[in-house]
Structure formats: C-alpha cells, structure tokens
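J.: Predicted structure and sequence below. I'll ask about it afterward.
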Amino acid sequence: MLPLTEVTIYTDGAALGNPGPSGYGVVLLSGKNRAELSCGFRRSTNNRMELLAVIMGLQKLTKPCQVNVYSDSKYVCDAINKDWIGGWQRRSWKKVKNTDLWKALLPLLLRHKVRFNWVKGHAGIPENERCDYLASTAAKESAIEIDKGYEELQEPKNPGLF
C-alpha cells in the first residue's frame with residue numbers, strides 16, 4: 001500500500017457581527033503545491049465559518065490523505081480532539097448547533113486521516129494570518145453567498161392565518 005499524501009490545511013472563519021456578513025479562508029499545502037480558498041456569505045456566524053473552512057479544505061482533496069489541520073478555533077479543534085462530536089452523535093445531536101456542518105464533516109474524517117491542531121490566532125503564524133485575511137476580506141467584499149443552513153434555521157416560521 002502506498003503512503004498517504006501529506007497535506008497541511010490552515011483554516012479560519014470570520015463574521016462581521018455575530019451573526020453578520022461572514023467568510024472563510026483556507027490555505028492548503030502539500031510539497032511544493034499551494035492552494036487558497038475563500039468565500040463570503042451575507043449572514044452567518046463565526047463558528048459556522050470556522051467549521052465550513054475545514055470542510056471546504058478537506059473536500060478539495062481528490063484522494064485520501066494524511067492531513068494536519070491548523071485552526072485557531074477551539075470550537076472546532078476541541079469538538080474533535082475531546083470527542084464532543086462522539087457525544088453529540090450518541091445523544092442524537094440534541095441541543096447541538098451547526099448540526100448540518102458537523103454531519104458534513106463526518107464522512108471527510110472517515111475518508112482522510114486527520115489531525116486537528118489548535119493555534120493561537122493573531123500570533124504571527126504566516127498561514128494562519130493569511131487565512132484570517134482571506135476570511136475577513138471575503139466577509140467584507142464578497143459576502144453574497146447564502147448560508148442556507150444558518151438562514152433557513154433562523155427565519156421565523158409563519159404559521160399562516162388559517
């Protein structure tokens with residue numbers, strides 16, 4: 001069996017207001033290869049963008065890989081490293097926010113061998129700073145996409161008149 005390709009993924013999410021215009025930024029590194037991803041949303045939360053950044057980075061990989069994810073989100077890293085996600089699954093996702101995104105992440109964690117590493121934000125780590133820039137810029141300049149998982153869950157239900 002061939003060894004898995006090693007990939008490093010840095011991620012960050014941003015929200016201008018929480019909720020508010022939002023975005024994510026991702027830097028993928030493997031050998032001499034580098035890719036950057038970002039997208040802005042008209043309304044979402046910082047935690048959703050932190051999680052979506054990881055999902056988008058992992059989805060970009062075309063084959064199973066050995067992945068080191070670096071994130072300044074304790075929410076994301078602790079959910080995996082402290083197995084909060086296992087508890088959420090055992091309790092049928094009751095009282096868990098962002099269930100749609102956690103469920104989207106699960107098959108990616110099965111496909112790849114992923115290690116989550118927490119890094120302090122705004123601490124001068126070049127790739128983390130780049131992700132922060134990508135996420136913030138996307139939130140400010142291109143926040144046009146709709147985070148349906150957020151907006152559809154937040155809109156009040158109209159019971160109708162009859």
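T.: Looks like it arrived, so ask away. Numbers count the residues shown, from 1 in each chain.

J.: alpha carbons only for contacts and neighbour counts from here, please
T.: OK.

J.: What residues of the helix or strand where residue 53 lies count as buried?
T.: Per DSSP states H and E: residue 53 is located in helix 46-59. Within helix 46-59, the residues scored as buried using 16 or more other C-alpha atoms under 10 Å are 46-58.

J.: okay, that helix in CSV with CA atoms only?
T.: Taking Å, rounded to 0.1, in the frame of the first residue of the first chain, the C-alpha atoms of helix 46-59 are listed here in CSV:
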residue,chain,number,x,y,z
ASN,A,46,-18.0,32.9,13.2
ASN,A,47,-18.3,29.3,14.4
ARG,A,48,-20.1,28.2,11.2
MET,A,49,-17.4,29.8,9.1
GLU,A,50,-14.6,28.1,11.2
LEU,A,51,-16.2,24.8,10.6
LEU,A,52,-17.0,25.4,7.0
ALA,A,53,-13.4,26.3,6.3
VAL,A,54,-12.3,22.9,7.5
ILE,A,55,-15.0,21.1,5.4
MET,A,56,-14.1,23.1,2.2
GLY,A,57,-10.4,22.3,2.7
LEU,A,58,-11.0,18.6,3.1
GLN,A,59,-13.5,18.5,0.2
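
J.: quick one: whichever helix or strand comes after it to helix 46-59, angle?
T.: Downstream of helix 46-59, the next assigned helix or strand under DSSP H and E is strand 65-71. Put simply, strand 65-71 runs at 160 degrees to helix 46-59, going by axes from the mean of the first three to the mean of the last three C-alpha atoms, to 10 degrees.
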